[in-house]
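J.: I would like the atomic coordinates for the input below:
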Amino acid sequence: MRLSTQSYYNRSINAMLEQQSALSRIQNQVASGKKINSPADDPIAAVHIIELERSKQEYEQYDKNSALARGRLTLEEQSLADAGNALQRVRELILQASNTGTLSASDRESIAVELASRLQEIQDIGNRQDSNGEYLFAGFSTRTQPFAGVGSGVTYYGDQGARQLQVGPTQRVADSHSGFDVFMNISEGNGTFVTSAGATNTGSASIDVGSVRNPGTWVRDDYTLTFTSPTTWEITDSATPTANVVATGPYTSGGVIAFRGVQVTISGAVAAGDTFAIEGSGTENVFDTLQGVIDALRVPTGGGTATAQLNVALSGGLQQVDQAIDHFLGVRGEVGARLSALDTADAAREDLSIDRASTLSDLRDLDYAEALARMNQQMVALQAAQLSYSQISQLSLFDYLR
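T.: Numbering: from 1, shown residues only. I've put the predicted structure just below:
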């Protein structure tokens, strides 16, 4: 087969260009430290690298979400601890105020003033913000101040939502509790029923918060305990138009009055017609609880009936404060569980990050020793081709005829 000089030149030049291209590719790999600098280098590996890098970006966002959730939950846990401490002081003040026989009106006023300060403290805790200026206890409405005083009470302006942050491919964690769940939705009384004294009572007896003996026989209703005489009582339900009598019995001060699985104790002298309410528990916010105690302390106690009303208010207030303390502890437990879930999610992401980095390194990172060896071989081959071409290109038929 005859080869023209031009064809030989073209083939030789193309061969050198290919070797230069291969050398340039190896040099780029050495310079970048990567085996794959474009999809053309290895299309299949390039697709895997793109998927791994996208996964890396997703997990970096999960890390940011986890850090945000952890920061807010840590602040919430501290806020709940502070609120619990404030309520412990409230409890001490109520117990102090319960010594009605030894306290003067000015003493009760002093206690009421400090209770008002504690109420404001708890309201301020409910309005705490995180480092981004977002309110901890506003639900979804993180830019809205959740609590504000209205008249003699406190109103909640947030919502009942809880923002969920994604901290893993299939895992979300709420970054807070709403102010409604924490401060407003506290079980009333002993959790089953709540007691109170009739406003028109003329006797000096008071009722305790009561207890549940047999939950299975309790029938939720609004019951009225009426003294038909100073020594007898009856309990009626809320049926209309005529209430049903569900229990009757003799009265002894300090004795137990039991019906339908629950019991209460009334102490003191009663008058015929005195009434006490035993109603199914609802919910009460912590601000109303404290305000109720403050208002009760500021009512003059000139006689036995007024003192009895104060004792009932203080007893109920103390029970409600205990409910609030337990409620805050329960919420703190939920916060702790969420922080633990974040720890678990962080550890799982860290393990996956190590695996992903190892896989990325296998696919993308260059083996410098092997690459330098190939580059040297390629340079030698290119130099040999160039030298061969330069020598052969100078030969002609006249060289053989001389």
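
J.: any idea of the pLDDT on the spatially most central residue of the chain?
T.: Central residue of the chain (Cα atoms, centre = their mean): residue 176, 3.0 Å from the mean position. Turning to residue 176, the model gives it a pLDDT of 94.

J.: now swap in residue 141 and tell me
T.: Looking at residue 141, its pLDDT reads 92.

J.: verify the stated contact: it with residue 158.
T.: Yes. With contact defined as Cβ atoms under 8 Å, residue 141 counts as touching residue 158 (5.0 Å). For the C-beta atoms, the positions are set from N, CA and C on the backbone; glycine is no exception.

J.: which one's more surrounded, those two?
T.: residue 158 (21 against 16; other Cβ atoms under 10 Å).

J.: tell me the SS of that one?
T.: coil (DSSP: H, G, I helix; E, B strand; the rest coil).

J.: hang on, isn't it packed against residue 143?
T.: No. Using Cβ under 8 Å, residue 158 is not in contact with residue 143; the gap is 10.3 Å.

J.: shared neighbours of those two, which are they?
T.: residue 135 (Cβ atoms under 8 Å, 6 or more residues apart in numbering).

J.: if we can go back for a sec, now do the shared contacts for residue 141 and residue 158.
T.: Common neighbours of residue 141 and residue 158 (Cβ under 8 Å, 6+ apart) are residue 135.

J.: so which residues make contact with stretch 251-259?
T.: 205, 213, 223, 225, 227, 230-233, 235, 246-247, 249, 263-270.

J.: stretch 235-245 now?
T.: 221-226, 234, 246-248, 257, 259, 278.

J.: residue 254 and residue 269, how far apart?
T.: Residue 254 sits 12 Å away from residue 269, taking Cβ to Cβ, to the nearest Å as the criterion.

J.: who has more neighbours, the two?
T.: Legend: neighbour count by other Cβ under 10 Å for residue 254 and residue 269, higher for residue 269 (14 against 10).

J.: mind saving the C-alpha coords of the helix or strand where residue 154 lies as CSV?
T.: Per DSSP states H and E, residue 154 falls inside strand 153-156. C-alpha atoms of strand 153-156 as CSV (Å, rounded to 0.1, in the frame of the first residue of the first chain):
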residue,chain,number,x,y,z
GLY,A,153,-55.7,39.3,82.7
VAL,A,154,-53.2,38.1,80.1
THR,A,155,-54.2,37.3,76.5
TYR,A,156,-52.4,34.9,74.2
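
J.: each with direction, which strands does that strand pair with?
T.: According to DSSP bridges, strand 153-156 has the following sheet partners: strand 147-150 (antiparallel).

J.: how far off centre is the strand it pairs with?
T.: Between the centre of strand 147-150 and the centre of its chain there are 23 Å (Cα atoms, centre = their mean, to the nearest Å).

J.: how about it: buried residues?
T.: residue 147 (16 or more other Cβ atoms under 10 Å).

J.: now stretch 209-224
T.: By neighbour count on 16+ other Cβ under 10 Å, the buried set for stretch 209-224 is 209, 210, 212, 218, 221, 223, 224.

J.: wait, which of the residues you listed is closest to residue 167?
T.: Of all the buried residues of stretch 209-224, residue 167 sits closest to residue 212, with 40.7 Å by Cβ to Cβ.

J.: residue ranges with poor pLDDT in the stretch 151-300 of the chain?
T.: Counting by pLDDT under 70, the stretch 151-300 of the chain contains no low-confidence residues.

J.: let's see that with 80 instead.
T.: Residue ranges of the stretch 151-300 of the chain with pLDDT under 80: 151.

J.: ranges for the strands of it?
T.: Applying DSSP state E, counting those that start in this stretch to the stretch 151-300 of the chain gives strands spanning 153-156, 164-168, 171-174, 186-187, 193-197, 206-207, 211-212, 222-229, 232-236, 245-250, 256-259, 262-267, 275-280, 283-284.

J.: so residue 142: helix, strand or coil?
T.: On the basis of three-state DSSP, residue 142 is classed as coil.

J.: what about it, neighbour count?
T.: 21.

J.: got a list of what it touches?
T.: Residue 142 touches 134, 135, 163, counting by Cβ under 8 Å, 6+ apart.

J.: pick the one among those closest to residue 294.
T.: For the contacts of residue 142, the nearest to residue 294 is residue 135 (25.8 Å; Cβ to Cβ).

J.: and that closest one, what pLDDT?
T.: So residue 135 comes in at 96 (pLDDT).

J.: how about the helices in this structure?
T.: 5-32, 43-97, 105-126, 179, 286-297, 304-364, 368-392, 397-401 (DSSP state H).

J.: need the residues that contact the shortest one.
T.: If you take Cβ under 8 Å, 6+ apart as the criterion, helix 179 is touched by 126, 137, 138, 139, 146, 147, 156, 158.

J.: mind giving me the ChimeraX command for buried ones among the contacts of stretch 251-259?
T.: With 16+ other Cβ under 10 Å as the criterion, this ChimeraX line picks the buried residues out of the contacts of stretch 251-259:
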select :205,223,225,227,233,235,264,265,266,267,268,270
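
J.: and residue 331, what does it touch?
T.: Neighbours of residue 331 in contact, by Cβ under 8 Å, 6+ apart: 80, 177, 181, 182.

J.: which one is residue 155 nearest to, not counting chain neighbours?
T.: Excluding the flanking residues, the one nearest residue 155 by Cβ to Cβ, 6 or more residues apart in numbering is residue 148, at 5.9 Å.

J.: didn't the one you found look like it was pressed against residue 138?
T.: No. Counting by Cβ under 8 Å, residue 138 is not a contact partner of residue 148; they are 11.6 Å apart.

J.: who touches both of these two?
T.: residue 157.
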